[in-house]
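Participant: The following comprises the amino acid sequence and a computationally predicted model.
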Amino acid sequence: MKRIIILILLAIIALGIGLSFTKIPFAVPKTKVGSYYIDKGIDQTGAVNIVTSVVLNYRAFDTLGEVTILFIAALGLGAILATVKKKTKKEIIPSSLILSTGCKFLFPFILIFGVYMFLHGHLTPGGGFQGGAIIASGFLLVYLGCQERRLNERALKATETLAGLIFVIIGFLGLAVSGYFLFNFLPKGIPNTLLSAGIIPIIYIAIGFKVGSELAGIIDALIEESE
């Protein structure tokens, strides 16, 4: 009986996926929505990276939801680990020469690259999520190669909170100026320049620091639990 029910469910899912694919205009070069973004995205947002203009302008509220989900995930992990009894700390085993040397010399360059990614997200492929993940990978390298170092938990939480507040405050400023939450109310500037795209670079900076601090906090919590 269970097999029959599973087969029926799989058939329904397969039918739904098949019907969805029949509605997608694969043979059409550009959809109406896609052509609108491509034709008017730069003029309306100032961002030459059309993906960025969609993520942080046309559907910026959705991006705020994604950042909130990441925050809830980090909060949930912290709550779970808080209920687990802390293990007695083991003796730290020295890392290999490659890791210990890499964490000392590569860490600042990784941070610079991560910052570059979200500062130039409106100009080139990249953005806040990618830059934040790169920054978190730098802290992971530190934990692996320089095991005696740890993040300042207060500074981490302060950075995460401030970045989230900046995102929300910019959204309310747009609401106050134009009646739309996260409206791009700042001057668009000259396309292909760093100081362009209005509020988009500011939001990407906030997202970069928020994602980086949250992921670094998750890594720190998991590594401390494993010790």
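Facilitator: That came through fine.
Participant: Tell me which other helices or strands whatever helix or strand residue 212 lives in touches.
Facilitator: Secondary structure assignment for residue 212, by DSSP states H and E: helix 200-226. Helices and strands touching helix 200-226, by 3 or more Cβ pairs under 8 Å, 6 or more residues apart in numbering; DSSP states H and E, are helix 50-53, helix 60-82, helix 107-119, helix 128-145, helix 153-178. C-beta: built from backbone N, CA, C; applies to glycine.
Participant: can we see that at 7 Å?
Facilitator: helix 60-82, helix 107-119, helix 128-145, helix 153-178 (3 or more Cβ pairs under 7 Å, 6 or more residues apart in numbering; DSSP states H and E).
Participant: most packed of the ones you listed?
Facilitator: helix 128-145 (a mean of 22; mean count of other Cβ atoms under 10 Å).
Participant: who are the neighbours in contact with the spatially most central residue of the chain?
Facilitator: The C-alpha lying nearest the average C-alpha coordinate of the chain belongs to residue 129 (Cα atoms, centre = their mean; 2.4 Å). Contact analysis of residue 129 by Cβ atoms under 7 Å, 6 or more residues apart in numbering lists 207, 211.
Participant: Quick one: mean pLDDT for the helix holding residue 212?
Facilitator: On average, the pLDDT along helix 200-226 is 87.
Participant: Show me which residues of that helix are buried.
Facilitator: 200-201, 203-221 (16 or more other Cβ atoms under 10 Å).
Participant: Tell me how far residue 39 lies from residue 77.
Facilitator: 43 Å (Cβ to Cβ, to the nearest Å).
Participant: Same question for residue 6.
Facilitator: Counting by Cβ to Cβ, the separation of residue 6 from residue 77 is 32 Å.
Participant: residue ranges with poor pLDDT in this structure?
Facilitator: Within the chain, the segments meeting pLDDT under 70 span 20-21, 23-31, 85-92, 225-227.
Participant: count of residues packed around the nearest residue to residue 63 once chain neighbours are set aside?
Facilitator: Sequence neighbours aside, residue 55 is the residue nearest to residue 63 in space, at 5.4 Å (criterion: Cβ to Cβ, 6 or more residues apart in numbering). Applying other Cβ atoms under 10 Å, we find 23 residues neighbouring residue 55.
Participant: For residue 111, list the residues it contacts.
Facilitator: Per Cβ under 7 Å, 6+ apart, neighbours of residue 111: 135, 138.
Participant: What of residue 156?
Facilitator: Going by Cβ under 7 Å, 6+ apart, the list of residues near residue 156 reads 213, 216-217.
Participant: Adding distance to residue 123, write those out as a markdown table.
Facilitator: Listed next are those as a markdown table, based on distance: Cβ to Cβ, whole Å:
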| residue | distance to residue 123 |
| --- | --- |
| 213 | 24 |
| 216 | 26 |
| 217 | 29 |
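Participant: List just the nearest of those to residue 135.
Facilitator: Ranked by distance to residue 135 (Cβ to Cβ), the contacts of residue 156 are led by residue 216 at 7.0 Å.
Participant: can I assume the closest one is in contact with residue 141?
Facilitator: No - between residue 216 and residue 141 there is no contact under Cβ atoms under 7 Å: 11.2 Å.
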